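**Q** How does the following fold in three dimensions:
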Amino acid sequence: MAFVVLIVIGCGAPEILYLPSPPRELVINCIGYSYHPWYAYLSLSSSILERPDNEVIHDATVNLYEDGVLVETFAHDTTMSSPGGTRYYSVISTPKPGKRYKITAARPGFPTAESEFLQPDSIALGSLTVRVIGPNVTFPSTTDVQFRIEFTDPLGEDFYELDAIHILDSTYYDIPGTNDSSLYMSSQDLRLAFIDPAYEENNDLFFSAIAFNDSYFDGKTATLDLTAQVYEPEKKTYVVYLRHLSKDYYNYLKTVYLQGATSGDPFAQPVLLENNIKDGYGIFGGFTQTKKPLQAQN
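**A** Numbers count the residues shown, from 1 in each chain. You can find the predicted model right below:
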């Protein structure tokens, strides 16, 4: 397929410039996290002037390697296809901290797309506190709460994401005909924001969960102060999540949020999403998550 550009110069005859479309390549999006099954979404690339191709890719072979050893060929999920791509999934393998993973996707007529990354180690949450401060000045119907979160950062370049929820209600229900019960939990997802102005750019870029690197505390104990707003401050239970991110996944998150923030702005520069797929497009990365509940202090 080629695109035609009509160029009119002065009063002369228009010149026609044909722009060939770039060849289509495989797109892989696969994020591994904390002992959950792998899911990879496959699609085909398209040029900026084309509509996205939603073809179901049923004839691809997706292989996963752990520390250089083939551990599994993903199964094709015939029950699910979405604008994000055709889903392939693992049956026996899950991401393990400290292991290096490689993914390859092969389809007849296309170059084999591949990528690899090191699954981040688990980082334990240390001391945690949350205090109820009082009504928010801008939105009086909400109440400010302040978190202090500590953890020990290893030497070297590391990337993190912090998230938190406020538990509003939790009830166990018996499952009829069994001896089991199911936990129903209602919660509010919190929008965390750093108090330290050094992280102002992070506050502006990320919504809800907030990502950052360890440039201010490399190899040390990090003590981070953050705020959030809640609707029912009388409920005292919170859960904090710390995610240790791979570098490529961190960069991918940054570009996704930046693209969303500048969408529709005619004066903004184009934002290219992070791509770490060789002979293709997409992202292959992961994170390892730890979590810890805590009770609020007045």
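**Q** where exactly do the strands run in the stretch 101-250 of the chain?
**A** 113-118, 125-135, 143-152, 159-174, 181-189, 193-194, 210-213, 221-230, 237-245 (DSSP state E, counting those that start in this stretch).
**Q** and the shortest one, what other elements does it pack with?
**A** I take that to be strand 193-194. Counting contacts by 3 or more Cβ pairs under 8 Å, 6 or more residues apart in numbering; DSSP states H and E, strand 193-194 packs against helix 200-205, strand 210-213, strand 221-230. (C-beta placed from N, C-alpha, C; glycine too.)
**Q** neighbouring strands for the last one, and are they parallel or not?
**A** When pairs are called by DSSP bridges, strand 221-230 turns out to pair with strand 143-152 (antiparallel), strand 193-194 (antiparallel).
**Q** out of these, which comes closest to Thr221?
**A** When those are compared by Cβ to Cβ, strand 143-152 sits nearest Thr221, at 5.1 Å.
**Q** Tell me which residues are up against the closest one.
**A** Outside strand 143-152, the residues within contact range by Cβ atoms under 8 Å, 6 or more residues apart in numbering are 123-136, 162, 164, 192, 195, 220-231, 233, 238, 240, 242, 296.
**Q** Repeat that for stretch 187-200.
**A** Counting by Cβ under 8 Å, 6+ apart, residues outside stretch 187-200 touching it are 146-147, 162-168, 202-203, 207-210, 212, 216, 224-232, 238-239.
**Q** and Arg243, what does it touch?
**A** By Cβ under 8 Å, 6+ apart, the contact list for Arg243 reads Tyr33, Tyr160, Glu161, Leu162, Asp163, Ala209, Phe287, Thr288, Gln289.
**Q** For Thr79, see how far away the last one is.
**A** With distances defined as Cβ to Cβ, to the nearest Å, the gap from Gln289 to Thr79 amounts to 27 Å.
**Q** now the third one
**A** Computed as Cβ to Cβ, the Glu161 to Thr79 distance reads 30 Å.
**Q** between the two, which one's more packed in?
**A** Using other Cβ atoms under 10 Å, the more surrounded residue of Glu161 and Thr79 is Glu161, with 21 against 6.
**Q** For that one, name its beta-bridge partners.
**A** Ala211, Arg243.
**Q** how much space is there between it and Leu242?
**A** On the measure of Cβ to Cβ, Glu161 and Leu242 end up 8 Å apart.
**Q** Tell me how many other residues crowd the nearest residue to Pro233 once chain neighbours are set aside.
**A** Leaving aside its sequence neighbours, Pro233 sits nearest to Thr143 (Cβ to Cβ, 6 or more residues apart in numbering; 4.1 Å). Neighbour count of Thr143, defined by other Cβ under 10 Å: 18.
**Q** do Gly32 as well
**A** That count, for Gly32 with other Cβ under 10 Å as the rule, works out to 29.
**Q** likewise Asn276?
**A** 20.
**Q** Got the confidence number for it?
**A** Note on Asn276: pLDDT of 97.
**Q** same question, Asn63
**A** 98.
**Q** so it is in which element?
**A** Using DSSP states H and E, Asn63 sits within strand 61-66.
**Q** quick one: strands adjacent to that strand?
**A** Here, using DSSP bridges, strand 61-66 pairs with strand 69-73 (antiparallel), strand 100-106 (antiparallel).
**Q** ok, now how distant is the nearest residue to Ala261 once chain neighbours are set aside from Phe217?
**A** Nearest in space to Ala261, with sequence neighbours left out and distances taken as Cβ to Cβ, 6+ apart, is Leu205 at 6.7 Å. For Leu205, the distance to Phe217 (Cβ to Cβ) stands at 19 Å.
**Q** can you check Thr61 too?
**A** 43 Å.
**Q** again with Leu168
**A** The value you get for Leu168 to Phe217, if Cβ to Cβ is used, is 33 Å.
**Q** Can you pull out the low-pLDDT segments for the protein?
**A** Where the chain drops to pLDDT under 70, the residues are 1-20, 48-50, 52-53, 80-84, 172-175, 177-184.
**Q** What strand or helix carries the most centrally placed residue in it?
**A** For the chain, the residue nearest the mean C-alpha position is Leu253 (5.6 Å; Cα atoms, centre = their mean). Assigned by DSSP H and E, Leu253 belongs to helix 247-262.
**Q** after that helix, next one along is what?
**A** strand 281-295.
**Q** Sheet-wise, list the partners of that following strand with their directions.
**A** strand 26-33 (parallel), strand 237-245 (antiparallel).
**Q** would you turn those into a markdown table with distance to Phe117?
**A** Shown next, in a markdown table, are these (distance: least, Cβ to Cβ, whole Å):
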| stretch | distance to Phe117 |
| --- | --- |
| strand 26-33 | 8 |
| strand 237-245 | 10 |
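**Q** Pick the most deeply packed of those strands.
**A** strand 26-33 (a mean of 23; mean count of other Cβ atoms under 10 Å).
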